[in-house]
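Asker: return atomic coordinates for the entry below.
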Amino acid sequence: MNSFFVEFAIGNEAQFRQLEAVILALCEAKRTNTFPPDDYWLAFFDAEAQSHFWHPTEAEQQD
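Answerer: Purely as a prediction, here's the structure:
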């Protein structure tokens, strides 16, 4: 099995609270086995945070 991790840089209390909200939502999704669509998850992050994510096109996903 390959290792996988996510690294976060938390600059202030507000960013920590945003991350905490995401983690709680992930825990709830896993507990209920109900995973909302991508738009739900992206709403947890502001534009600056989202700029660090990679959103590949369908063609990039097939490479």
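Asker: drop to CA atoms for contacts and neighbour counts, all remaining ones
Answerer: OK.
Asker: low pLDDT regions in this structure?
Answerer: Confidence mapping of the chain against pLDDT under 70 gives the ranges 1.
Asker: hey, where'd the helices end up in it?
Answerer: Counting by DSSP state H, the chain forms helices over residues 13-32, 38-42, 47-50, 58-62, given from the N-terminal end onward.
Asker: now, of the ones you listed, which is deepest in the fold?
Answerer: Across the helices of the chain, the average number of neighbours (mean count of other Cα atoms under 10 Å) peaks for helix 13-32, which reaches a mean of 13.
Asker: give me the contact list for that one.
Answerer: Taking Cα atoms under 8 Å, 6 or more residues apart in numbering as the criterion, the residues outside helix 13-32 that touch it are Ile10, Phe35, Pro36, Trp41, Phe44, Phe45.
Asker: what residues are up against the residue nearest in space to the middle of the chain?
Answerer: Closest residue to the average C-alpha location of the chain: Trp41 at 6.0 Å, with Cα atoms, centre = their mean. Residues in contact with Trp41, defined by Cα under 8 Å, 6+ apart, are Val22.
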